[in-house]
Structures are given as C-alpha cells and as structure tokens.
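Undergrad: I would like the atomic coordinates for the input below:
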Amino acid sequence: MAAHKVGGVAYIKVDGTQYLLRGDLTVSPDPFERKGVAGQDGVHGYTETPRLPTIKATLTDIAGLSLESFQKMTAVTVTVELNNGKVYVLREAWTSAARELATAEGSLAVTWEGMSCEELLAA
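TA: Residues are numbered from 1 along each chain as shown. Now for the predicted structure:
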C-alpha cells in the first residue's frame, strides 16, 4: 500500500485573506447530529437534530492583526485547505465564542460557525 499524506500543512482564509495558522485547526462540517434511541424492548432508531458547522483555529498574532476585526466578522466565507488535498468551505459564517489572545505564545484562538460547510475532495 502506498503512503498517503494525512496531515501537516494547512491553510486558512477568510473572504480570501490568508491568516497565519498556528495550529489546533478543527473542522466540524456536519449539519446534523444523531443520537441513538433505545427502549426497554431494544433499539428503536435515532433522532436527528440540526447543528452548527464549525471551524476552530489558533492563529499567530502579528502586528497589524486586529482582534476587533474578528469580532466584526459576519457573513464571511472561511476556507480551509489541507495537505491531503481536501478543502472545506464554511459559508455565511460568523465568529462565535470569546476571542482568546494568549500573549505569552502570541496566539489567537478563533471559532467560526456558519450556515453550511462544504467538503471538496481531491481528485
């Protein structure tokens, strides 16, 4: 079996602007969450509820990077490109959760939630 790229290099862009991706990149594209239902007489099936597609990342804080600009992000497109050729596009996204600047490391934790997340697979 041939070796495959499975991780490593990744890029993140918001409305075409690339940010310095420090690490801790997590993509959660699923629009639904399923939960199993069991009764006293066995498994009955599952429930399915909507959930928010999410992208979380830790960025490097550099001069000129405005924390306030992240707080103002609404209706943006967040694009993640992975080393294995996959691309994820979070549409109509906004920043959620409090932005956390870790000054000792010079890093910024950001979370985006959106209306939909599309997975584009490498050919």
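Undergrad: When you work out contacts or count neighbours from here on, use the C-alpha atoms and nothing else.
TA: Fine.
Undergrad: Spit out the contact partners of the spatially most central residue of the chain.
TA: When C-alpha atoms, centre = their mean is applied to the chain, the residue found nearest the centroid is Ile55 (1.3 Å). Going by C-alpha atoms under 8 Å, 6 or more residues apart in numbering, Ile55 touches 25-29, 90, 111-113.
Undergrad: Filter those down to just the ones in strands.
TA: 25-28, 90, 111-113 (DSSP state E).
Undergrad: Report the beta-bridge partners for Lys13.
TA: Gln18, Thr79 (DSSP bridges).
Undergrad: so it touches Val80, yeah?
TA: Yes: between Lys13 and Val80 there is a contact under C-alpha atoms under 8 Å: 6.6 Å.
Undergrad: Which one's more surrounded, those two?
TA: Each of Lys13 and Val80 has its neighbours counted (other C-alpha atoms under 10 Å); Val80 has more, 20 against 16.
Undergrad: isn't the more buried one right next to Trp112, touching?
TA: No: between Val80 and Trp112 there is no contact under C-alpha under 8 Å: 11.9 Å.
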